[in-house]
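Trainee: next one to model:
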Amino acid sequence: MTPTQNDLRKIAGQLIMIRFPGTVLDAATADFIKANGIRAVCLFRGNMTDSEQLAKLTADLRAVMGPESLIGIDQEGGAVVRSTWVPAPPAAMGLGAANDTDLAYRTGAAVARAVKALGFNWNFAPVLDLNNNPHNPVIAERSFGAEPQRAAELAMAWMAGSHAEGVSCCVKHFPGHGDTNVDSHRDLPTVNKPVEELDRMELAPFRIASGAAPAMMTAHIVYPTLDPDNPATMSRRILTGLLREEWQYKGVVITDGMDMHAIAGRYGVGNAAVRALTAGADMVMALGTTETQNETLDSIAAAIASGELSMDAVKQRLDRLASLALAYPCKPRSYKEDAADREVMAEGWRRSLTAYGAPTRPAAGAQVRLVVRQDVVSDGVSEAGVPAEGVAASLRRLYDVELTTFADADTFDWSALPQDGRFTILASTSRLRYGEHARATWKPDLHLALWNPYQALDIQAPSLMTYGFAQPALDAVNGWLCGELEATGNAPVPGFA
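Mentor: Now for the predicted structure:
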C-alpha cells in the first residue's frame, strides 16, 4: 500500500526535533505533535519557571509523544544552562582548569540527576570543540581546553557521569567549532585547514569519544579540505564518509538548530533538512516557528515519497533514534541530592579559579570601587550575565563598595574615575572580548574575569578567572579575596603562561 501524505508526514515527524513557546503544552501544540508523529522536543529558558512547572510540562509532553520520547535541554554548565535554579555546574573550561576527571565525572552525574528529575533524558552536552581560537565568539569557556586528548578525557568523564544517572549526552559540534571567529547562529563560518591538522586537532576529540558518545551534534561550518561544497551539517563526505564509514560511528547524529542564519538564511529550512538527512543525519533540529516546522515536514515527506530519502535509510534512522530513547527512557525520579550536588558544583567552581599576572587582594574592609557593565542580556545561546548590582552585593560582604557602571566598553572613560585611593576592581560579565579603547586605557588594580577568560588578556591588570558568573563562582571569588582559597586552576588554553 502506498503511504498517504499523512503517513509520510508522521514518518517525517519522527525525524525532527521541535521547540515551542510558552510554559505549558497548549492544545494547539499538543495536536500538532500528535498529528505529525513528533517524538522529540528541545526546551529552552522561555519554557521554564520552576521545578514544579517544568516537571508538569515534560510529563504532558511524554503523555502526548509516548514511551520513546526524547526531551532535550542544553545544560552544559557555566553560562549555557537552561534550568538556572538547580545546582549550577562550572563551565567546561573551568573543569579543564581544575584538570580532574573524577571532578568532571561527578559534575556530569550531578547535572544529570537534576535534569532527569525535571523530565529530561537528552542533554546536548558536553562540548568537544577545542577552543584554539581566542577570538571565537561563541565557544570560549564552553570548551574543555585546547589539547585534544585531555579535552576528550575530561568530556568523556563528564559524559560517563551523566550516563550513569540515566541521561544521554550529545557531544557537539562535530567536526569542531573551536577555530572560528564567526558565530554560526549569525553566519556560515569556514575552517580552512589541511586535513592532517584537522585530524590532529579538531577531529581528534570526536574520534576519541566516538565509541562512547550515544549522539553527536553537527556544526554549521564549511571545512573545505573535507568538503568544499557543503557545511558539515549537509555534507555526505563528512557525516557518512568520515563519521559512519571511516570511524564506524553507530550513534545518533542530530543537526544543530536549522533555524540558525548559517543554514536557514542560505539554504531554506526545508531544503536544508532534506540535505542533512540524505547526508547522514538521523534527526534535524527544526527549532523555528510552526510555519517553518511545517515546511520542514512537507519537504522531508516529499523526499521520502520521491525516493530521494529511501525507506531503508529512514528505517535506519528510526531504529537508531528508538535505540537511544529506549536506552535512556524518560523516567523522572525524585531529586534528593540537591544539597550534596550543590557542594559538588561549588567544589568545581572553587577548583576552577585561575590567577593570571599575580593578582593581590584588597585588605579586609577596604574601600573598593567596582567597575562593571550595567546589564548583560542573553545572546540566545547563553543565559543573561550577572547584573552589576549582583556583583556589588557579593563584594559588599567583604568591602565598602562604590559601584560604577558602564553601558559601552568602547566609550567608557576610565580616566574620569576619581583618584581617591580606592582599590579599583573591574568585573567582566560578558563573553565579548574588549576592543582597543579598553585595552589601551583601562587600568584596574584587579580584574575579575567572570565569564570569558580571554578577557584577562585584554586588560593590563592582574586577573582572577572564574569561567562563569553563577553564584558559586562569586562565592569562590569571595573565598579567594578573604584568603580562604587559593587560585589553583591552570588555564587549559594557550596564552596564559
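Trainee: drop to CA atoms for contacts and neighbour counts, all remaining ones
Mentor: Will do.
Trainee: any low-confidence regions in the stretch 51-200 of the chain?
Mentor: Counting by pLDDT under 70, the stretch 51-200 of the chain shows low-confidence ranges at 136-137, 178, 180-187.
Trainee: mind redoing it with 90?
Mentor: Residues of the stretch 51-200 of the chain meeting the criterion pLDDT under 90: 131-140, 177-190, 192.
Trainee: ranges for the strands of it?
Mentor: 70-73, 122-123, 168-169, 171-174 (DSSP state E, counting those that start in this stretch).
Trainee: now distance to Val111 too, for the ones you listed, in JSON lines please.
Mentor: Listed next are the strands of the stretch 51-200 of the chain as JSON lines, based on distance: least, C-alpha to C-alpha, whole Å:
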{"stretch": "strand 70-73", "distance to Val111": "11"}
{"stretch": "strand 122-123", "distance to Val111": "9"}
{"stretch": "strand 168-169", "distance to Val111": "11"}
{"stretch": "strand 171-174", "distance to Val111": "15"}
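Trainee: which of those strands sits closest to Gly495?
Mentor: strand 171-174 (23.8 Å; C-alpha to C-alpha).
Trainee: which residues touch Val252?
Mentor: Shown in contact with Val252 (C-alpha atoms under 8 Å, 6 or more residues apart in numbering): 214-216, 281-283, 317, 320-321, 324.
Trainee: now the residue nearest to Phe406 when sequence neighbours are not counted: how far from Ala388?
Mentor: In this structure, Phe406 finds its nearest non-sequential neighbour in Arg373, 4.9 Å apart by C-alpha to C-alpha, 6 or more residues apart in numbering. Noted for Arg373: a distance of 6 Å to Ala388, by C-alpha to C-alpha, to the nearest Å.
Trainee: overlap in contacts, those two.
Mentor: Joint contacts of Arg373 and Ala388 (C-alpha under 8 Å, 6+ apart) are Thr405.
Trainee: and Ala125, how close does it get to Val368?
Mentor: The spacing between Ala125 and Val368, counted by C-alpha to C-alpha, is 39 Å.
Trainee: the more surrounded of the two?
Mentor: Shown here are Ala125 and Val368; by other C-alpha atoms under 10 Å, Ala125 has more neighbours (28 against 21).
Trainee: now the helices: where do they sit in the stretch 301-450 of the chain?
Mentor: 311-327, 338-352, 388-395, 436-441 (DSSP state H, counting those that start in this stretch).
Trainee: nearest to Ala92, out of those helices?
Mentor: Among the helices of the stretch 301-450 of the chain, helix 338-352 sits nearest to Ala92 (C-alpha to C-alpha), with 9.7 Å.
Trainee: what's the mean pLDDT across the closest one?
Mentor: Averaging pLDDT along helix 338-352 yields 99.
Trainee: and that helix, what does it pack onto?
Mentor: Applying 3 or more C-alpha pairs under 8 Å, 6 or more residues apart in numbering; DSSP states H and E, we find helix 338-352 packed against helix 92-98, helix 101-117, helix 471-481.
Trainee: repeat the analysis, applying 6 Å as the threshold.
Mentor: helix 92-98, helix 471-481 (3 or more C-alpha pairs under 6 Å, 6 or more residues apart in numbering; DSSP states H and E).
Trainee: doesn't Gly288 lie inside a helix?
Mentor: No. Under the criterion used here (DSSP: H, G, I helix; E, B strand; the rest coil), Gly288 is coil, not part of a helix.
Trainee: report pLDDT for it.
Mentor: What the model reports as pLDDT for Gly288 is 89.
Trainee: how about Ala264?
Mentor: 81.
Trainee: so which strand or helix has it?
Mentor: Applying DSSP states H and E as the criterion places Ala264 in helix 261-267.
Trainee: what does the helix or strand following that helix rub up against?
Mentor: Using DSSP H and E, the helix or strand that follows helix 261-267 in sequence is helix 269-279. Residues from elsewhere that reach helix 269-279, judged by C-alpha atoms under 6 Å, 6 or more residues apart in numbering: 233-236, 295-296, 299-300.
Trainee: try 7 Å this time
Mentor: Around helix 269-279, the neighbours that count as contacts under C-alpha atoms under 7 Å, 6 or more residues apart in numbering are 233-236, 239-240, 258-259, 263, 284, 292, 295-296, 299-300, 303, 309.
Trainee: out of these, which are buried?
Mentor: By neighbour count, with 16 or more other C-alpha atoms under 10 Å, the contacts of helix 269-279 hold 233-236, 239-240, 258-259, 263, 284, 292, 295-296, 299-300, 303, 309 as buried.
Trainee: mind listing which of these are in strands?
Mentor: Of the buried ones among the contacts of helix 269-279, the ones assigned to strands by DSSP state E are Val284.
Trainee: how about the helix holding Ala264: buried residues?
Mentor: Buried residues in helix 261-267, counted by 16+ other C-alpha under 10 Å: 261-264.
Trainee: repeat for stretch 359-373
Mentor: Buried positions in stretch 359-373, judged by neighbour count with 16+ other C-alpha under 10 Å: 359, 362, 367-373.
Trainee: quick check: end-to-end length of it?
Mentor: Length of stretch 359-373, first residue to last, C-alpha to C-alpha: 21 Å.
Trainee: now do stretch 478-490
Mentor: 19 Å.
Trainee: contacts for it?
Mentor: Outside stretch 478-490, the residues touching it (C-alpha under 7 Å, 6+ apart) are 97-98, 351-355, 361, 364.
Trainee: with stretch 461-471 instead?
Mentor: Contacts of stretch 461-471 (C-alpha under 7 Å, 6+ apart): 78-79, 88, 91, 93-94, 141, 352-359, 385-386, 443-453, 456, 473.
Trainee: before we move on, what about stretch 102-109?
Mentor: Stretch 102-109 has contacts (C-alpha under 7 Å, 6+ apart) with 89, 95, 154, 157-162, 164-165, 344-345, 348.
Trainee: all strands for the stretch 351-497 of the chain, in order.
Mentor: 354-356, 367-373, 400-406, 423-428, 446-449, 463-465.
Trainee: include distance to Ala114 when you put the ones you listed into JSON lines, please.
Mentor: Listed next are the strands of the stretch 351-497 of the chain as JSON lines, based on distance: least, C-alpha to C-alpha, whole Å:
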{"stretch": "strand 354-356", "distance to Ala114": "27"}
{"stretch": "strand 367-373", "distance to Ala114": "31"}
{"stretch": "strand 400-406", "distance to Ala114": "35"}
{"stretch": "strand 423-428", "distance to Ala114": "29"}
{"stretch": "strand 446-449", "distance to Ala114": "28"}
{"stretch": "strand 463-465", "distance to Ala114": "26"}
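Trainee: most tightly packed of the ones you listed?
Mentor: Among the strands of the stretch 351-497 of the chain, ranked by average contacts under mean count of other C-alpha atoms under 10 Å, first place goes to strand 463-465 (a mean of 27).
Trainee: what pairs with it, parallel or antiparallel?
Mentor: strand 354-356 (antiparallel), strand 446-449 (parallel) (DSSP bridges).
Trainee: which among those strands is found nearest to Asn192?
Mentor: Closest to Asn192 of those, according to C-alpha to C-alpha: strand 446-449, at 30.9 Å.
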